[in-house]
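In: A structural model of the following input is requested.
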Amino acid sequence: MANLAIAGASGRMGRMLFEAAAADRDCTLVGALDAPGSPALGVSARVFGGNADVLVTADVATLANGRARATLIDFTRPEATLTYVDACVTHGVAMVIGTTGLDDGAKAKIADAARKIPIVFSPNYSLGVNTVFKLLELAAKSLDSGYDVEILEMHHRMKVDAPSGTALKLGEVIAEAQGTRLSDRAVYAREGHTGERKNGTIGFATLRGGDVVGDHTVIFAGSGERIEITHKSASRMSYALGAIRAAKFLHGKAEGLFDMHDVLGLK
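Out: Modelled structure (predicted):
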């Protein structure tokens, strides 16, 4: 039985995580967190879809009081996530991190924390997207010469980081499969007289609008043909279900940094 806590309890993703956890008989909700000053503090998690009368708090320490190790699922903002990382290390709470927009310093901090607590860290918890990551490894190796790579993503108008964490991961998968680094190949913007496309680059295009949950397309454009691999999310539930699966994967682990390929046995 996995003991779960949900960060961002009053947010859209928090509510979806409560719903997914409530439907899973192998999970017990033991905590709900929200930002200091949130009007949700002191409110029962049932108000946001939870199935237990735990009160929303801003204190991670409540998750360490007399229970088997809990796992905090965090899909919030970078600044909040880094605060949670410190607190989880202090109190021995495992983490599933789905926050995007984290810089290299933040990622290094998460890797360091994973020497003390178990963490699953992934830009996307959808089983479909993680299958796409695996498919791209094969495609990138087969199409490593004579094909231009472009990545197109679209999200809702409220998303604050660009390109999306998933789009960046798609680029990283392709670059690594071809024995290179994304940082040496990425082109994030084009404007004005750009000249011809430079061979070997990986281009990104970002669209924002409406309530789009998340659409990603990778294009391999060659001479006389074009291969497109697309994933479209119609609901955040796919992310929530994957995060719950990741939390159960961490049950019984003492430390370590994992991703969804570990969770799904795709490595």
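In: Output the below-cut-off pLDDT ranges for this structure.
Out: Low-confidence segments of the chain (pLDDT under 70): 65-68.
In: rerun at 90
Out: Residues of the chain meeting the criterion pLDDT under 90: 1-2, 61-70, 100-101, 123, 252, 266-267.
In: Show me the domain layout of it.
Out: 2-125+236-264, 127-233 (automatic domain parsing).
In: Near the nearest residue to residue 31 once chain neighbours are set aside, how many residues? Count them for me, please.
Out: Excluding the flanking residues, the one nearest residue 31 by Cβ to Cβ, 6 or more residues apart in numbering is residue 5, at 3.1 Å. For every residue, glycine as well, the C-beta is placed using N, CA and C. Number of residues near residue 5 (other Cβ atoms under 10 Å) recorded here: 30.
In: in which helix or strand would I find residue 5?
Out: Assigned by DSSP states H and E, residue 5 falls within strand 2-6.
In: From the rest of the structure, what touches that strand?
Out: Contacting residues not belonging to strand 2-6 are listed as 14, 17-18, 21, 26-33, 45, 50, 63, 67-73, 93, 244, 247-248, 250-251 [Cβ atoms under 8 Å, 6 or more residues apart in numbering].
In: Mind giving me the packing neighbours of the longest helix anywhere in the chain?
Out: Longest helix in the chain by number of residues (criterion: DSSP state H): helix 127-142. Packed against helix 127-142 by the contact rule (3 or more Cβ pairs under 8 Å, 6 or more residues apart in numbering; DSSP states H and E) you find helix 165-177, strand 214-222, strand 225-233, helix 237-250, helix 260-264.
In: export the ones you listed to TSV and tack on mean neighbour count?
Out: Listed next are the helices and strands packed on helix 127-142 as TSV, based on neighbours: other Cβ atoms under 10 Å:
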stretch	mean neighbour count
helix 165-177	22
strand 214-222	19
strand 225-233	14
helix 237-250	23
helix 260-264	19
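In: can these go into JSON lines with extra columns for distance to residue 205?
Out: Below are the helices and strands packed on helix 127-142 laid out as JSON lines (distance: least, Cβ to Cβ, whole Å):
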{"stretch": "helix 165-177", "distance to residue 205": "9"}
{"stretch": "strand 214-222", "distance to residue 205": "9"}
{"stretch": "strand 225-233", "distance to residue 205": "13"}
{"stretch": "helix 237-250", "distance to residue 205": "22"}
{"stretch": "helix 260-264", "distance to residue 205": "25"}
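In: These: which one's closest to residue 150?
Out: Of all those, it is strand 214-222 that lies closest to residue 150, at 4.5 Å by Cβ to Cβ.
In: partner strands of that closest one, parallel or antiparallel?
Out: strand 148-155 (antiparallel), strand 225-233 (antiparallel) (DSSP bridges).
In: and residue 198, which of those strands is closest to it?
Out: Across these, closest to residue 198 is strand 148-155 (Cβ to Cβ), at 9.6 Å.
In: Please export the C-alpha coordinates of the closest one as PDB.
Out: Coordinates of each C-alpha in strand 148-155 appear next as PDB, following Å, rounded to 0.1, in the frame of the first residue of the first chain:
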ATOM      1  CA  ASP A 148      15.800  17.500 -40.600                       C
ATOM      2  CA  VAL A 149      14.200  17.400 -37.200                       C
ATOM      3  CA  GLU A 150      11.500  19.800 -36.100                       C
ATOM      4  CA  ILE A 151       9.500  19.600 -32.900                       C
ATOM      5  CA  LEU A 152       6.100  21.300 -32.600                       C
ATOM      6  CA  GLU A 153       4.100  21.700 -29.400                       C
ATOM      7  CA  MET A 154       0.900  23.300 -28.300                       C
ATOM      8  CA  HIS A 155      -0.500  23.900 -24.800                       C
END
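In: that older thread, among the domains of the chain, pick out the one with the most neighbours on average.
Out: domain 2-125+236-264 (a mean of 20; mean count of other Cβ atoms under 10 Å).
In: Need the distance between the two termini of that domain.
Out: 17 Å (Cα to Cα, to the nearest Å).
In: how far out from the middle of the chain is that domain?
Out: Computed by Cα atoms, centre = their mean, to the nearest Å, the chain-centroid distance of domain 2-125+236-264 equals 12 Å.
In: what angle do whichever strand or helix holds residue 71 and strand 2-6 make?
Out: Residue 71 is part of strand 70-74, with elements assigned from DSSP H and E. Relative orientation of strand 70-74 versus strand 2-6 (axes from the mean of the first three to the mean of the last three Cα atoms, to 10 degrees): 40 degrees.
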